[in-house]
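In: A predicted structure for the sequence below; I have some questions about it.
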Amino acid sequence: MSIAPAIVPLRIGMFGGGVVGGGVYEILMQRGVATLRRPVVISKICVRNLDKPRSFTIDESQTTLTTDPNDILEDSEIDCVVEVMGGIGLAKQVVLDSLKAGKSVVTANKALLAAHLDECHDAAKSTKKELAYEAAVCGGIPIIQVLQSCYDGDVITNVSGICNGTTNYMLTAMEDGADYATVLQEAQDLGFAEADPTADVEGHDVRAKIAILAKLAFGQTVSVDDIPTAGISNIQAVDFEYAALLHSTIKLVGTARRLTGVDGDDANSSPLSVYVSPVMVSTKDMLASTRGSGNAIVVTSENMNACSYTGPGAGRFPTANSVVADIVRVANGQASVDPFPKVSPEPLELEDNYVSPFYVRIPFRDGLGIIRQTGELAERHGVSIHAILQNPIADPGSADFCVTTDPCPLSNVQAFCNDLAAQNFCRDPPLHMPLLR
């Protein structure tokens, strides 16, 4: 009678013992995962401070804490490295050195991947080790796995959505009547926003995520420096007043889309447009119903038209759940062999001068001829005005009106707004954003 060989566990070294790392540890080491085909053990955790109180209980009989990255990187018994510490400097070294050492890598680090996408991709391909990153985009929504494997027989034309829970929480509260400063402080108090909220409110976080999604959907590496990005820091309560009149709301949206129909191009040869901007969204659109810290992605393709993926975009267990899903796929031999399997046959032309209807809010001091001058400037810059909206003026020295435009290039609207800002009646630079009717 033969004896079956013992199943060798997957031994993990984890970098980061914070909110997400604690969630990963609890799920794997305390709750357990029924679908695992082999045992998984988190053998070591690298942290900055050994004495810092943890939000989870560590089983010291199985897990050792360390402050030395080499205790994991140089341990031949560690099969898989989980990177959930964030940042780009040390995290980049950890990811690349782990792959070179023959270890699989699971990361939640969108900033690292977006900034060094080709380098990380090449390292995974050359070492033939898994680089899994489900938690890097949209927290608990399995959008990475979907784009890696579920559109193989299809042609994607657009990927767009709400990718940042902090700003969506803030915009939802502003829609309900809160002002920007108050809701930012509230988001910081609740732990949604960092003490320095720049990455969230100025759109940098979404920019990194849409760069990753663009690579998955279109096989094109897009540098974050080439992605036009606008955040929400200039959004005011009056914008939501006008949004309500337009049966709309405002969301911060990342977009990557093929500009089909331009000069007769088809979906396989047309330019690629990638950008981040507040967008005025019709209340009938699915994105409008995504409230609080929720995220939502819409993938449009030739075979399936528009498919929506919604869920929690951040938080301890939603993000940890995606990390654990990647670990399970690695342990079971089911992880994607190529982290970015889509390859564009030829480099795609990047076009940042996208065409859209726009909403333009103009802060003004009341006087004669303002609408006439606005119309003349719009005509000068090739902007066709669709509608003009103005609330009753309570303070002639500080008022706002808005125009909506017919579809036109972004550059035309930018030139229009720059010219408006130079007029005597304009008290602050105008705000513009795409209008999704």
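Out: Now that the structure is in, tell me what you want to look at.

In: what sits up against the helix or strand hosting Ile144?
Out: Assigned by DSSP states H and E, Ile144 belongs to helix 143-149. Helix 143-149 has contacts (Cβ atoms under 8 Å, 6 or more residues apart in numbering) with 133-134, 136-137, 156, 159, 212-213, 216-217, 297, 299, 309, 325, 336, 339, 341-342. Quick note: C-beta positions are derived from backbone N, CA and C, even for glycine.

In: tell me which residues in that helix are buried?
Out: By 16 or more other Cβ atoms under 10 Å, the buried positions in helix 143-149 come out as Ile143, Ile144, Gln145, Val146, Leu147, Gln148.

In: return the closest of those residues with respect to Phe56.
Out: The nearest member of those to Phe56, counting by Cβ to Cβ, is Ile144 at 25.1 Å.

In: average pLDDT for the helix holding Ile144, rounded please.
Out: The average pLDDT for helix 143-149 rounds to 97.

In: next step: the contacts of helix 143-149 restricted to strands.
Out: Ile156, Val159, Ile297, Val299, Tyr309 (DSSP state E).

In: from what I can see the third one touches Cys138, true?
Out: Yes - under the contact definition of Cβ atoms under 8 Å, Ile297 touches Cys138, with a separation of 6.2 Å.

In: so the two - more neighbours on which side?
Out: Legend: neighbour count by other Cβ atoms under 10 Å for Ile297 and Cys138, higher for Cys138 (31 against 27).

In: state the pLDDT value of the residue lying closest to the more buried one once chain neighbours are set aside.
Out: Leaving aside its sequence neighbours, Cys138 sits nearest to Asn295 (Cβ to Cβ, 6 or more residues apart in numbering; 4.4 Å). With respect to pLDDT, Asn295 scores 97.

In: quick one: secondary structure of Asn295?
Out: The assignment at Asn295 comes out as strand when based on DSSP: H, G, I helix; E, B strand; the rest coil.

In: and it, how many neighbours?
Out: Using other Cβ under 10 Å, Asn295 is surrounded by 25 other residues.

In: again with the one 4 residues further on
Out: Counted by other Cβ under 10 Å, the residues lying close to Val299 total 24.

In: quick check: it vs Thr172, distance?
Out: Distance, Val299 to Thr172, by Cβ to Cβ, to the nearest Å: 23 Å.

In: swap in Ala331?
Out: Distance from Ala331 to Thr172, counting by Cβ to Cβ: 38 Å.

In: comparing those two, which residue is more hemmed in?
Out: Counted by other Cβ under 10 Å, Ala331 and Thr172 do not tie: Ala331 has more neighbours, with 23 against 19.

In: excluding its backbone neighbours, what's nearest that one?
Out: Going by Cβ to Cβ, 6+ apart, Ala331 has Leu10 as its nearest residue, at 4.5 Å.

In: if I pick the one you found, what's in contact with it?
Out: By Cβ under 8 Å, 6+ apart, the residues touching Leu10 are Arg38, Pro39, Val40, Val41, Asp79, Cys80, Ile327, Val330, Ala331.

In: narrow those to just the buried residues.
Out: Val40, Asp79, Cys80, Ile327, Val330, Ala331.

In: give me the contacts around the one helix or strand the fifth one maps to.
Out: Assigned by DSSP H and E, Val330 falls within helix 316-331. Residues from elsewhere that reach helix 316-331 (Cβ under 8 Å, 6+ apart): 10, 12, 19-20, 22-24, 26-28, 33, 35-38, 40, 80, 82, 84, 104, 106, 108, 130, 132-135, 139-142, 145, 311-312, 334-336.

In: and the helix or strand of the chain with the lowest mean pLDDT, what's buried?
Out: Every helix and strand of the chain was ranked by mean pLDDT, DSSP states H and E. The lowest is helix 180-189, at a mean of 91. Using 16+ other Cβ under 10 Å as the test for burial, helix 180-189 gives Tyr180, Val183, Leu184, Ala187.

In: contact partners for the third one?
Out: Taking Cβ under 8 Å, 6+ apart as the criterion, Leu184 is in contact with Met170, Ala193, Pro197, Val201.

In: most neighbours among the residues you listed, which one?
Out: Counting by other Cβ under 10 Å, top hit in the contacts of Leu184: Met170 with 27 neighbours.

In: is it true that that residue touches Gln185?
Out: No - contact criterion Cβ under 8 Å: Met170 and Gln185 do not qualify, at 10.3 Å.

In: shared neighbours of the two, anything?
Out: Both Met170 and Gln185 lack any common contacting residue under the criterion Cβ under 8 Å, 6+ apart.

In: which stretches of this structure have low pLDDT?
Out: Applying pLDDT under 70 to the chain picks out residues 1-6, 261-269.
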